[in-house]
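> pasting a predicted model and its sequence here:
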Amino acid sequence: MSEAALAADPARRLQALLSQRTEANRSFFDANAERLARLCHLMAERFARGGRLVALGSSPAARSDARHVAVEFVHPVIVGKRALPALGLTGEGAELASAVELLAREDDIVIAFGTDEDGGTAARALERGRARGCLTVAFSAAGAEHEFEPPTSDPFIRQELVETLYHVLWELVHVFFEHRGLLSGRDPRRVHDAGASSFLYPFLAEQESQLEPVVEDVRRSVLMKAGEIGELRAQTLTDNQEVLLAGSQLLRGSFERGGKVLALGNGGSATDAMDAVADFSAPGPGWQPRPAIDLTADPSILTAIANDIGTDAIFSRQVIAYGSAGDVVLALSTSGNSANVIEALGQARRQGLGTIAMVGYDGGRVAAETLADHVIITRSEHIPRIQEAQASAYHVLRELVG
């Protein structure tokens with residue numbers, strides 16, 4: 001079907017966008033599962049020696065990934081996962097290469113985003129990190145020791161695959177902490193008793209002195225997680241097809257009347273709001289820029305409101321300040337129950353703004369109480385997979401708007 005025909009049939013276009021993602025996801029993780037398993041082991045060794053993750057990004061979209069991976073490692077959302085030190089360097093305080101020169105240490109892990117889209121800024125910083133002895137990771141040819149090139153030129157699909165990849169790294173690097181004998185400088189214990197978790201994580205019962213069986217189990221876990229996101233992405237885009245089409249019409253109408261998007265979320269969802277705003281306001285060649293404001297972007301405003309009024313008001317106060325009738329609030333929440341998201345959606349309605357919410361689990365209060373005009377539900381209880389599917393949803397919204 002031609003591009004013109006797809007543009008004239010949004011429902012067919014949405015299904016075509018899903019098909020592209022399904023194939024790219026399968027081929028990317030099939031090709032890289034073992035490499036990712038071995039990278040998890042190398043990263044665990046670095047963390048065990050006191051290393052940190054240093055994430056780099058200078059383009060608008062790459063900054064969101066640098067912030068996202070850092071918050072996942074520092075503030076783990078899965079019970080029982082340890083917090084691991086991570087920094088997100090995005091060029092605000094110092095040029096990236098200079099920041100790496102000042103802050104990176106020999107045992108650190110440097111992961112660079114957007115090395116193919118920022119004129120070499122992130123690649124130069126990556127080179128500084130490698131020169132200091134850091135383990136280096138990138139997603140294009142940038143001189144990193146470990147490079148994972150997505151099998152597509154579509155910037156939205158590339159970003160979605162990379163987000164899944166760094167979530168998988170974060171989830172599975174912890175496996176090797178359960179096998180002390182596989183980390184340099186640590187003595188093995190005899191065998192770890194996986195107990196009730198054995199059916200979920202069979203690798204926890206492997207002998208700690210045997211690396212290859214653990215790597216193989218982690219490789220299979222990578223493929224399992226890639227399969228999970230493929231299924232969840234399909235559920236999100238298929239079950240919510242009519243909602244996505246209606247949401248795209250709301251956005252297009254708002255832009256045509258001079259309106260704008262206000263995006264918001266907490267934690268990893270805040271970085272997804274950052275990414276959505278980048279996609280609207282600073283798109284690549286061939287895309288029309290659209291006005292959008294990231295309500296998570298200014299720490300002085302966020303901390304002032306949180307300190308003087310309370311965290312529940314950090315977004316609603318900004319809706320009051322920046323929102324006008326006919327604008328659209330795009331709210332991201334994995335639970336659908338975040339008080340500050342709910343307050344912002346309520347304020348938006350009182351001011352005559354349109355509202356689109358992307359939520360996980362069963363939709364929470366946002367879905368149960370119909371707190372947004374259009375609610376897109378990703379039916380999972382696993383936060384990394386929810387965020388990955390939501391990224392596909394707001395990217396598809398952007399594509400449908402044009």
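It's in.
> any weak-confidence spans in the stretch 201-350 of the chain?
Counting by pLDDT under 70, the ranges of the stretch 201-350 of the chain that qualify are 201-209.
> got the residue ranges for the strands in it?
Under the criterion DSSP state E, counting those that start in this stretch, the stretch 201-350 of the chain contains strands at 261-264, 292-294, 328-333.
> elements contacting the first one?
Looking back up the chat, that one is strand 261-264. helix 268-281, strand 292-294, helix 316-322, strand 328-333, helix 339-350 (3 or more Cβ pairs under 8 Å, 6 or more residues apart in numbering; DSSP states H and E). Quick note: C-beta positions are derived from backbone N, CA and C, even for glycine.
> identify all contacting residues around it.
251, 254, 270, 273-274, 276-277, 280, 290-296, 315, 318-319, 322-323, 327-332, 340-341, 344, 348, 353 (Cβ atoms under 8 Å, 6 or more residues apart in numbering).
> what of the shortest one?
Among residues not part of strand 292-294, those counted as contacts by Cβ under 8 Å, 6+ apart are Lys260, Val261, Leu262, Ala263, Leu264, Ala273, Met274, Ala276, Val277, Phe280, Ser281, Tyr322.
> any of those residues buried? List them.
Lys260, Val261, Leu262, Ala263, Leu264, Ala273, Met274, Ala276, Val277, Phe280, Ser281 (16 or more other Cβ atoms under 10 Å).
> so what sits opposite the third one in the bridge?
Under DSSP bridges, the beta-bridge partners of Leu262 are Ile293, Val329.
> what's the distance between it and Gly363?
Look at Leu262 and Gly363: by Cβ to Cβ, to the nearest Å, they are 21 Å apart.
> please apply the same query to the last one.
Using Cβ to Cβ, one gets 28 Å for the distance from Ser281 to Gly363.
> quick check: mean pLDDT of the top helix by length along the chain?
As assigned by DSSP state H, the longest helix anywhere in the chain is helix 10-48. For helix 10-48, mean pLDDT is 96.
> mind listing what Leu165 touches?
Phe28, Asn32, Leu36, Phe139, Phe148.
> need the max-distance pair from those.
Put simply, by Cβ to Cβ the two of the contacts of Leu165 set farthest apart are Leu36 and Phe139, 12.5 Å from each other.
> now for the two: what residues contact both?
Counting by Cβ under 8 Å, 6+ apart, the residues touching both Leu36 and Phe139 are Phe148, Leu165.
> from the contact counts, what lies against the longest helix of the chain?
Right, helix 10-48 is packed against helix 3-8, strand 109-112, strand 135-138, helix 155-173, helix 211-239, helix 241-256, helix 383-401 by 3+ Cβ pairs under 8 Å, 6+ apart.
> of all these, which one comes closest to Gln20?
Among these, helix 155-173 comes nearest to Gln20, with 6.3 Å by Cβ to Cβ.
> what's the average pLDDT for that closest one?
Mean predicted lDDT for helix 155-173 stands at 97.
> buried residues in that helix?
155-173.
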